[in-house]
Every structure is written in structure tokens, then in C-alpha cells.
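Participant: pasted the sequence and its predicted model underneath.
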Amino acid sequence: KRKIIIDCDPGHDDAIAILVAAAHPGLDLMAITTVAGNAELEQTTLNALKVCEIAGIGEVPVAPGAGRPLVRNREAAPAIHGSSGMDGPVLPEPSLRAAEEHAADLMIRKLMESEGDITLVPVGPLTNIALAIRREPRIVPKIQEIVLMGGGTFGNWTPAAEFNIWADAEAAQIVFESGAPVTMIGLDATHQALATPEINERIWALGNRVSDFVGELLLYFGRTYKQFFNFDHPPVHDVCSVVYCIDPVIFDCRFLNVAVETKGELSYGMTLVDIHGVTGRPPNMTAALGLDHGKLWDVIIGTLSRYGEG
Ligand code: BDR
Ligand code: CA
């Protein structure tokens, strides 16, 4: 089983990422850590706990981390995720509680205890990962891989920048330059991960409590993606990083150089993906530039079906 820690800011697509990570037989979800991003930290942590509760994920610690970015001011994304960060489905207050340990400390502890076989899966701003690397640089050679959702050759939150990188570009820079093996699942790939009507039908047809919850998440997410971006179908960005850990062959990947802009007035948070090798800078990460829609959804839907098996 592949050991992973999900670092997230739920978030509709973050929630789906957690659900697939917890139920797929090929993954061992060791912890969920939370960060401010789509909403403030208290809210993203509460949302993570609610997701765990509805899915019966009781044994995985949920550890809150950074409540604000390293340098810049905090800005959330209520236009996409609502003011709670996960508007739409109505969930009861969870009885599960968050861990006392800070997200960065938990990651450091788990990595230092490990045999170098833990993959970090950040699907929100990279603040917690950057904090962990700065606090304990000896974790870097212990990280098997960082499979992050963020960046790409174009933006969404600004014309230049994708939300997770834009929300804390200084943290992204620390992660990119850390020397740890990084795989960037950016918008080029995730904008192909669309929940089309045919996909929604297959999800509702599963008919279990968790798949119904995913159906409701996608209804809300689909509406805001239409209103804000004029997308016909919403892209489920974050679960793509989890599916990459399960079956990387589903993604079209290139090993190349990616730098992040932290100074630009109009381009803060832009990822400069050197597709043609024009910078002369050596490749520093694997970047996903596309994916197989059918295979991706077969993995997601197949995993969600497991929640119905008593
Ligand atoms: C990313 O931003 C967030 O709103 C989503 O959860 C995803 O992680 C997409 O740009
Ligand atoms: Ca997210």
C-alpha cells in the first residue's frame, strides 16, 4: 500500500480527494492535515472532520496547520466554495475532534519515523509543507514524492496564476526549490477532470451515503463553476493528485523545469512551465499536462462504490 498524507483546505474537490484516498485499497491514508485556503483554517478543519464523519473515517488523525500564508495576506475563495468552504450539502456537527499536534509537526514526525516511503499530497496552498521543510530540513530526503495539485501553464484565480499557488506563492517556491521529488498536477490536467452529466449519473446510481454526498458537492460546485468561470461542468482538481498516487499512467507527464513568480505585480503565483526547455534551467519536477478522463473516473467511481459495501 502506498502511504500518503493529504494536506487540504476542504473544499468540494478536497472532500472527494479525502474520500477516494480513505477507501482505495492501494492507499494507506496516514493523516489529513489542514490549511487555510478556500476558507479560513477553523472552517477547513471542521469540513475535513465532517467528511471523515460521514464516511466513517475515524482512525485517521486530522491535524490543523497554518491559518495564514507565509508572507502575503490570506484570501479565500467564497465565490467557488461558499463562505463555509464547502457549501451545499448539509452535514451534522461532527463528533470527531481535530488532533492537538500542528500539521507541520505531524508531517515531520511521520516522515522522520518512516523509511522514506511516505508521499505528501498537498491539494491546498503549500504553507504547511513549506513550514515543515523549513523547520526540519532533514525531512527532505525522507519524502518519497510530493504530488501537489496546483499551478499549470495557465491560471484560474488570475489570468496567470492557479489558486493554490497564488494563495501562498512563497511557500510554493520553498517546496519547488527544496530538492524533494515534486509532481505537479496542474490545471492542464485537472481541467480535463470534468464531472459531466454522464459522470454525475454514474455517481448518483451508486446510491450510497457517501456517493450521494459527492453528488451534492458536485451540484453546488457545478453551479459556482458555471457562474464564475462559465464552465459547463466542474473540474474535480484535487482528487486527481490522489488518483495519480494510485495509477500515474492515467496522466500525461513531462519532466521539466517549473519556476514560480513571487514578485510580479500582475503575475504573482504564476508557474512558469518550461515546456520547450528555453530557460536552460534543469528539470526540477514532473508536470502533468493531461489525463485520461475515462480511466480517471473509473478509479474515482469504483472507489466510491466501496462505501456501499456495508
Ligand atoms: C484549487 O483551488 C481550490 O479552490 C480547489 O480546491 C483546488 O485545490 C484549484 O485551483
Ligand atoms: Ca483544494
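Facilitator: Yep, it's here. Residues are numbered from 1 along each chain as shown. Ligands and ions are numbered 1, 2, ... in the order given.

Participant: which parts of the stretch 51-200 of the chain sit against ligand 2?
Facilitator: By the criterion of CB under 5 Å from the ion, the positions of the stretch 51-200 of the chain lying close to ligand 2 are 123-124. From N, CA and C alone the C-beta is placed, and that goes for glycine too.

Participant: the stretch 51-200 of the chain: helices as residue ranges?
Facilitator: Read by DSSP state H, counting those that start in this stretch, the stretch 51-200 of the chain holds these helices, from start to end of the chain: 78-81, 103-113, 127-135, 163-166, 169-176, 187-190, 197-206.

Participant: what number of residues lie near residue 207?
Facilitator: Using other CB atoms under 10 Å, residue 207 has 11 neighbouring residues.

Participant: how close does it get to residue 24?
Facilitator: Applying CB to CB, to the nearest Å, the value for residue 207 to residue 24 is 20 Å.

Participant: leaving out chain neighbours, which residue sits closest to residue 36?
Facilitator: Using CB to CB, 6 or more residues apart in numbering and skipping the chain neighbours, the partner closest in space to residue 36 is residue 67 (5.1 Å).

Participant: for that neighbour, grab phi and psi.
Facilitator: Here is the backbone geometry of residue 67 (degrees, to the nearest 10): phi -90, psi -10.

Participant: turn the helices of the stretch 51-200 of the chain into TSV, including mean neighbour count, distance to ligand 1 and mean pLDDT.
Facilitator: Formatted as TSV, the entries for the helices of the stretch 51-200 of the chain read as follows, by neighbours: other CB atoms under 10 Å; distance: least, CB to the nearest ligand atom, whole Å; pLDDT from 0 to 100:
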stretch	mean neighbour count	distance to ligand 1	mean pLDDT
helix 78-81	19	5	94
helix 103-113	20	16	98
helix 127-135	24	13	98
helix 163-166	28	4	98
helix 169-176	24	13	98
helix 187-190	23	7	98
helix 197-206	15	18	98
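
Participant: can I get these in CSV including distance to residue 238?
Facilitator: What follows is the helices of the stretch 51-200 of the chain, written out as CSV (distance: least, CB to CB, whole Å):
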stretch, distance to residue 238
helix 78-81, 12
helix 103-113, 16
helix 127-135, 15
helix 163-166, 9
helix 169-176, 16
helix 187-190, 8
helix 197-206, 16
